[in-house]
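Novice: Generate a structure from the sequence data that follows.
(chains A and B)
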Number of protein chains: 2
Amino acid sequence: MKPVKVGLLGLGTVGCGTINVLTRNGDEIARRAGRGIEVVAASARDIQRPRDCRLEGIRLTTDPFDVVNDPEVGIVVELIGGTSPARELALAAIAQGKHVVTANKALIALHGNEIFAEAQKRGVMVAFEAAVAGGIPIIKAIREGLAGNRILWLAGIINGTGNFILTEMRDKGREFDDVLAEAQRLGYAEADPTFDVEGIDAAHKLTILASIAFGIPLQFDKVYTEGITRVTREDVAYAAELGYRIKHLGVARQTDQGIELRVHPTLIPHRRLIANVDGVMNAVLVKGDAVGPTLYYGAGAGADPTASAVVADLVDVVRALTSDPENRVPHLAFQADALSDTPVLPMEDVQTAFYLRLRVQDKPGVLADITRIFGDERISLEAVLQREPDEQASEASVILLTHKVREGNMNRAIEAIRQLDTVIAPVVRIRMETLK
Amino acid sequence: MKPVKVGLLGLGTVGCGTINVLTRNGDEIARRAGRGIEVVAASARDIQRPRDCRLEGIRLTTDPFDVVNDPEVGIVVELIGGTSPARELALAAIAQGKHVVTANKALIALHGNEIFAEAQKRGVMVAFEAAVAGGIPIIKAIREGLAGNRILWLAGIINGTGNFILTEMRDKGREFDDVLAEAQRLGYAEADPTFDVEGIDAAHKLTILASIAFGIPLQFDKVYTEGITRVTREDVAYAAELGYRIKHLGVARQTDQGIELRVHPTLIPHRRLIANVDGVMNAVLVKGDAVGPTLYYGAGAGADPTASAVVADLVDVVRALTSDPENRVPHLAFQADALSDTPVLPMEDVQTAFYLRLRVQDKPGVLADITRIFGDERISLEAVLQREPDEQASEASVILLTHKVREGNMNRAIEAIRQLDTVIAPVVRIRMETLK
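Specialist: Below is the predicted model:
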């Protein structure tokens, strides 16, 4: 069969990685797909800049719309990132009946509903494996590999930068700011690290994972998002002492009241496999009613790992070129007319256990005041760790682990504790998950 | 669309599990696949026996060929296990142009080449996700999710019984025989545990994984297979002291000289994620040239997890019913006419590091004799751990960790050591892998 002709938007790290993988493994890819995959056109802001990939035989342009409009191009690979003009380019490709492969999580999380609706109308595919957890085939695993399951919940370490920072804090007892600066030097973190450390990037990915797991429309604006900037060395050490690790998790869970969608630092028992996912690596734990817990681990970013996912999508699209659109894997795992309207649960109503750290005056009755407040909010304690007061100081740290409690009740309890004269600093709270 | 009609061979644990999952999650499965999947016929040796699944509306027979020949059945699900009559049934189904889904690793490992060739001729699909690692979608991950990669190697904990035994031995300091007896009581191990503890089951699965990873024909007879029956509590404890865990791994690796195919107990560094896969759980680590290391974890057996894989295969087959056979995912990941004839490397030529435990007389010169033999075979040592001799005893244990060495050289060295008067018991040797 004749090779399939592909157009590439963006020749950055992932764009060049994709060209490299398609070239280097061209023979193996063709032996798998039954035909070659060839990049015939590509766009970049600066086409003269020296790059780590061979561009011979590829028509280059500074205008990505040229690639979309190129009559020879049947599949458009969008790797420029951001939502505009990525959205316009994807829609333009679809309007011309072209298939789209993208690594763009913001695009899918924010505009996926619109893009998939248009693709559905035109009978074309939009593939986005590379948008979540880099090279890990997690979209495929959930959408196809677990198709027989009712997915109960999933929890993922889906931002490598954040996981690198938390791992270094634990392994070396370092502070957040210190490690962040190093991550920036190493190129793991952007100059503006907001997207990574504030959880926005993870929230984009969680939005996508939740939709394909539960068959709900993409609802990025409903994700509760809390970053890791306030996690301290002290909390990491206390967590370790209690047998836990702190990870920045994206959690989606189906409950009777609605779907939980949340990104936040989380204490998890250190013996859980996902607690041992370190450095820049990603992992997603998915629990299905039939399969039980499953975990998928690998590199969440980088040129080659992301290209691995882009090329896998290309092979999938190539295989399905001649199939009936209604027999293809639906974009959000469930048929477009069979999506669920299960609401997203307000964060107030989410129930989790909590780790709390309080700085209190070291005098009688302090703990009694706190436990009275907990009693009022029906919060029960699992463990209390009281530190001997510092020498010559009149203050002490108290660590409390609670059983599961409604977030709204915990908010009220913390507000009440804040009013106590004996409590000195703001209450530190980190949610806990057993992931069972 | 009308529901797809399926025939089931075998109503044991997995057969009933499959009926239960299809019933319980029927709505979700149809919302994904776009149509229902309905079991219309099933066979079992004893159709009267009470079972934990609802059989109403299913035509029951004691002759599995009745199901294969049932004109209403379009897809045959083979869950009887063993190679005969499973092979004959699969071939009969294929000859009638019916698709086959199977959970039978022995069938695929031993007769897959023949079965796939017949399926290829008739343009039908044979799906076998459930044959390896139960509910983990590992076949899909390697065959489709990593389609852009040259797979460098894979290593898997692919027998839950063996992993349960090794985990208990480590956690509780118990001996092999003791844990095996418990596993049999718990139903984790068969009355005849040979297939599990001698590595035959793992070798079946490794055969399949290696074929789809490297695009080679199935070659079960070429797998080097060593069980865990000789792993002792003592070795588990020494390994732990040195920072390692002993796991029963199936390893397949592409080298310049050929493909390694081997199942044996293996020391792995305790910080590797796969070293922390405990109990009956399975995990497969796959390293691709683009994606780097990836890991897939989940339940490797059991009614529901296996049914999860069977149903995922059914959904895949249903989606591809109307597609061109040449555009479907090839059985062994690579197009049938593009398989590789790379030879399997004889075990003699495989290179690994080794853990060795020697029982020696406690007198001068013993270690010198041993290291001289190693020198002759160009074996270099990474670490030596000599235990103080037991009180009142004249014997000592010596633990040696070697660098990588050709298996043939190690065999000769061990034979020479055996000749030494000062070495008392047979040399214990366990291979080591860094899995980097």
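Novice: which neighbours does the lowest-mean-pLDDT helix or strand in chain A have in its sheet, and in what orientation?
Specialist: Least confident element among the helices and strands of chain A, by mean pLDDT, DSSP states H and E: strand A:381-386 (a mean of 91). Within its sheet, strand A:381-386 is paired with strand A:395-402 (antiparallel), according to DSSP bridges.
Novice: next structured bit after the partner strand?
Specialist: Following strand A:395-402 in sequence order, the next helix or strand is strand A:405-406 (DSSP states H and E).
Novice: For whichever helix or strand comes after that next one, which helices and strands make contact with it?
Specialist: Next in sequence after strand A:405-406, counting helices and strands by DSSP H and E, comes helix A:407-418. Applying 3 or more C-beta pairs under 8 Å, 6 or more residues apart in numbering or on different chains; DSSP states H and E, one finds that helix A:407-418 contacts strand A:351-361, helix A:366-376. C-beta here means a position set from N, CA and C on the backbone, and glycine is covered the same way.
Novice: run the last query once more with 10 Å
Specialist: Judged by 3 or more C-beta pairs under 10 Å, 6 or more residues apart in numbering or on different chains; DSSP states H and E, helix A:407-418 is in contact with strand A:351-361, helix A:366-376, strand A:428-432.
Novice: Name the residues of the second one that are buried.
Specialist: Same thing as helix A:366-376. By 16 or more other C-beta atoms under 10 Å in any protein chain shown, the buried positions in helix A:366-376 come out as A:366-367, A:369-370, A:373-374.
Novice: Show me which of those is closest to A:Lys436.
Specialist: The nearest member of the buried residues of helix A:366-376 to A:Lys436, counting by C-beta to C-beta, is A:Phe374 at 24.1 Å.
Novice: Just to check, the closest one is in contact with A:Asn409?
Specialist: Yes: at 9.2 Å, A:Phe374 counts as touching A:Asn409 under the criterion of C-beta atoms under 10 Å.
Novice: List the beta-bridge partners for A:Ile246.
Specialist: Beta bridges link A:Ile246 to A:Leu267, judged by DSSP bridges.
Novice: What residues does it make contact with?
Specialist: The neighbours of A:Ile246, taking C-beta atoms under 10 Å, 6 or more residues apart in numbering or on different chains as the test, are A:166, A:169-170, A:228, A:231-232, A:235-236, A:238-240, A:265-268, A:275, A:355, A:430, A:432.
Novice: redo that, cut-off 8 Å
Specialist: Neighbour list for A:Ile246: A:166, A:170, A:231, A:235-236, A:239, A:265-267, A:430 [criterion: C-beta atoms under 8 Å, 6 or more residues apart in numbering or on different chains].
Novice: Now intersect the residues you listed with the strands, please.
Specialist: With strands defined by DSSP state E, the entries of the contacts of A:Ile246 inside them are A:265-267, A:430.
Novice: Can you show me the strands along the stretch 101-250 of chain A?
Specialist: Counting by DSSP state E, counting those that start in this stretch, the stretch 101-250 of chain A has strands at residues A:126-127, A:151-157, A:224-225, A:244-254.
Novice: Dump the ones you listed to a markdown table, plus mean pLDDT.
Specialist: Converted to a markdown table, the strands of the stretch 101-250 of chain A look like this (pLDDT from 0 to 100):
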| stretch | mean pLDDT |
| --- | --- |
| strand A:126-127 | 98 |
| strand A:151-157 | 98 |
| strand A:224-225 | 98 |
| strand A:244-254 | 98 |
